[in-house]
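Undergrad: Here is my input; please provide its structure:
(one chain, ligands or ions: 1)
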Amino acid sequence: MTGDNPVLAAIRSRRVVRAMTDQRLPRQTLEQILDAGRWAPTAGNRHLQRFVASDDSGTLRALRMVSPGMLQRPVAVVAVCVDRALAVDFGFARQAHSLSVDVGTAAATLLLAAHALGVGGGPVTSFSRAAAAAVLGTPQGWTPEFLVCLGYPAPGGPAPMRRGRRLTWRDLTVWAPREGA
Ligand SMILES: Cc1cc2nc3c(=O)[nH]c(=O)nc-3n(C[C@H](O)[C@H](O)[C@H](O)COP(=O)(O)O)c2cc1C
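TA: As a prediction, the model looks like this:
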């Protein structure tokens, strides 16, 4: 169903990577992934997501210790944060739903960009927000919401979390009733 469309092919072939080699990512590659993240759609075009990036092995080790959901040993991590202080200045409620949606759009874009560059990505939301903020030294007012683990895929590692048969788009979709029907 992707034909020869490279974007659709990338969307379909991206999988969570939970086994990574210890080969470092070139800083330029990490910057390309971060640059892709800024193109994610955001509520009101406010760009309230912020990224804290690290490729420091000591920082990553400490982050892993406060992140039970981090099954991989990444060589870099991008923490997608929300600048809550700026959000309030813009008139958003501190916990506004759209801020979480913005985190999702950024995370999906980062994961897809990494995949496009041959880099494996793994989402992690099972981590201590407070401890991760301390480890990463997140600026005042930023809350880390989603960790994107990065590294080159290694053979083996934990099996994908399978939940029965793969869902089709038809399983996930109903057509809205026609106007006037
Ligand atoms: C909001 C969210 C939170 C997730 N948290 C974790 C996590 O803490 N640890 C983990 O290994 N995977 C996590 N995942 C990855 C999912 O388990 C993964 O996307 C799912 O099993 C499907 O795999 P696939 O993306 O390779 O198709 C998370 C994904 C999302 C969207």
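Undergrad: Go through the longest strand along the chain and flag the buried ones.
TA: In the chain, assigned by DSSP state E, the strand with the most residues is strand 142-151. Under the neighbour-count criterion of 16 or more other CB atoms under 10 Å, strand 142-151 has 142, 143, 144, 145, 146, 147, 148, 149, 150, 151 buried. In short, each C-beta sits where N, CA and C put it, glycine included.
Undergrad: which residue sits closest to whichever residue of the chain sits closest to the ligand in space, ignoring its chain neighbours?
TA: Using CB to the nearest ligand atom, the closest approach of the chain to the ligand is made by residue 69 at 2.4 Å. Leaving aside its chain neighbours, residue 69 sits nearest to residue 126 (2.7 Å; criterion: CB to CB, 6 or more residues apart in numbering).
Undergrad: Now do the contacts for the one you found.
TA: With contact set as CB atoms under 8 Å, 6 or more residues apart in numbering, residue 126 has these partners: 67, 68, 69, 70.
Undergrad: Just the buried residues out of those residues, in ChimeraX syntax.
TA: Applying 16+ other CB under 10 Å to those, the buried members can be selected in ChimeraX as follows:
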select :67,70
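Undergrad: All the strands of this structure, residue numbers only.
TA: Secondary structure of the chain by DSSP E: the strands cover 49-54, 76-83, 120-124, 142-151.
Undergrad: so what strands line up beside the longest one?
TA: Sheet partners assigned to strand 142-151 using DSSP bridges are listed as strand 76-83 (antiparallel), strand 120-124 (antiparallel).
Undergrad: Show me what counts as buried in the last one.
TA: Of the residues in strand 120-124, those buried by neighbour count under the rule 16+ other CB under 10 Å are 120, 121, 122, 123, 124.
Undergrad: what residue is smack in the middle of this structure?
TA: Centroid check for the chain by CA atoms, centre = their mean gives residue 107 as the closest residue, at 2.8 Å.
Undergrad: any idea of the pLDDT on residue 158?
TA: On pLDDT, residue 158 comes in at 66.
Undergrad: Next: the one 3 residues further on.
TA: For residue 161, the pLDDT comes out at 70.
Undergrad: distance of it from residue 71?
TA: Per CB to CB, to the nearest Å, residue 161 is found 10 Å from residue 71.
Undergrad: Looking at the two, which one has more neighbours?
TA: Each of residue 161 and residue 71 has its neighbours counted (other CB atoms under 10 Å); residue 71 has more, 16 against 7.
Undergrad: Name the nearest residue to the more buried one, ignoring sequence neighbours.
TA: Of all residues not flanking residue 71 in the chain, residue 18 sits nearest, at 4.7 Å (CB to CB, 6+ apart).
Undergrad: Kind regards, and thank you for your time.
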